[in-house]
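[1] A structural model of the following input is requested.
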Amino acid sequence: MADELELLRRANPVPADGPHYGEGPLDHSAERRLNRLLHDRPAPRRRTRLVWGLAATAVVAATALTLTLGGPSTTPAIAAPRALVVQADSTPVSLDQLADRAQQLAMKGGAPKLRMGTHVQSWSMGMSDDRPPVTLPEERVVRWKADGSHTELVVATDPRHPGRPVLRDDGDAPHLVEDGHVISRQTYPPSWSDAPPESPPPHDTAQLRAYLKEATYTHTKFGTPELLDGVQVLLDHWTLGARESATLARLLADTEGLRPAGQVTDRLGRRGQVYVYEGSGFRRMLIMDPATGAVLGLETVLTEAEREYGVKAGDVEEYSAWMR
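    The predicted structure is shown next:
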């Protein structure tokens, strides 16, 4: 399935002016492979469950304890990822500076442009009160067409261990699948909506804040944690252009509690600036492109141990990395 993973990275559509719903050009071979992935034997769409029952976690524990990949000294591919580490000698860049850079880029009127759809790699932690936690890594590509229909392709993959088996939970018992295993491929009929997050994000910070609040169905306090949740919802639906990234960067710069921490290399090998929010028992790490102000990733790290779930302070609870 390595070919399919390479195809995912090659198959990003080339944006046109304004919101773009079409697909970018592929060579004939890649187009055939993508069509096969998207349309052959469609599987029911489902979302990963973050907490398993005792019977299922027993299987996970057995797998985690007995299976190592590549020999007895090899780290199991299902081990939880380590938290990203900020480079000690790096200079933090303020969100104001980053927002100014993003605005300057947007004023030039060049690429990139806003595109509906997303390409994201994510990790989430599965927890039980009597078994070790495990992570469920996957990659998702959503593409919209001019008629309002869209396709979604989800594969199991972990960039930390290319080519190694990946843990999946398919509703019965968690088990290992090959890297690039297709979890689901689905085509959805035309659907038009003017409500967030399906509607295009606005270019005014006050309006964008209201948009994100509506997109997250928040009816009470909309503080920094809720705003970061809104960012995740937005980027799981849209690939932002320069203008939209500039608006989001300015909104984040005007948000309290985001501390510039320095430079980091994310899980996809990209350089980014980190902005940290300290919550009660957790830390959110927002990773942004230092040149464009685009959001690259969002990571949640536990800062307090939860013994009943077998997690320690410093464990990664979830992570998303968005790509164009």
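[2] what's the burial count for Arg82?
    Applying other C-beta atoms under 10 Å, we find 12 residues neighbouring Arg82. Backbone N, C-alpha and C define where each C-beta goes, glycine included.
[3] can you pull the contacts of it?
    Val316 (C-beta atoms under 8 Å, 6 or more residues apart in numbering).
[4] can you give me phi and psi for Met116?
    Note on Met116: its backbone torsions stand at phi -80, psi 140 [degrees, to the nearest 10].
[5] pLDDT wise, what is it at?
    For Met116, the pLDDT comes out at 95.
[6] Could you double-check that it lies in contact with Leu234?
    No: between Met116 and Leu234 there is no contact under C-beta atoms under 8 Å: 11.5 Å.
[7] Now do the SS call for Tyr211.
    The three-state assignment at Tyr211 reads helix, by DSSP: H, G, I helix; E, B strand; the rest coil.
[8] what pairs with the one helix or strand Val264 maps to, and is each one parallel or antiparallel?
    If you go by DSSP states H and E, Val264 is part of strand 259-265. According to DSSP bridges, strand 259-265 has the following sheet partners: strand 271-278 (antiparallel).
[9] just so I have it, where are all the helices in this protein?
    2-10, 28-39, 54-66, 95-107, 205-215, 224-235, 242-253 (DSSP state H).
[10] Out of those, name the one with the poorest average pLDDT.
    Of all the helices of the chain, mean pLDDT reaches its minimum on helix 54-66 (a mean of 32).
[11] where are the low-confidence patches of this protein?
    1-80, 126-135, 169-174 (pLDDT under 70).
[12] Verify the stated contact: Thr224 with Thr255.
    Yes: here Thr224 reaches Thr255: they are 5.5 Å apart, a contact under C-beta under 8 Å.
[13] which residue ends up closest to the midpoint of this structure in space?
    Centroid-nearest residue in the chain, with C-alpha atoms, centre = their mean: Ser320, separated by 2.7 Å.
[14] Would you mind measuring from the nearest residue to that residue once chain neighbours are set aside to Leu84?
    Leaving aside its sequence neighbours, Ser320 sits nearest to Ser122 (C-beta to C-beta, 6 or more residues apart in numbering; 4.6 Å). Ser122 sits 15 Å away from Leu84, taking C-beta to C-beta, to the nearest Å as the criterion.
[15] Please apply the same query to Asp266.
    7 Å.
[16] Common neighbours of the two, please.
    The contact lists of Asp266 and Leu84 share Ile287, where a contact means C-beta under 8 Å, 6+ apart.
[17] still on that earlier bit, buried stuff in the strand holding Val264?
    For strand 259-265, burial by neighbour count (16 or more other C-beta atoms under 10 Å) applies to 260-264.
[18] Dump these into a markdown table; add distance to Pro197 as well.
    Shown next, in a markdown table, are the buried residues of strand 259-265 (distance: C-beta to C-beta, whole Å):
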| residue | distance to Pro197 |
| --- | --- |
| Pro260 | 27 |
| Ala261 | 28 |
| Gly262 | 31 |
| Gln263 | 30 |
| Val264 | 27 |
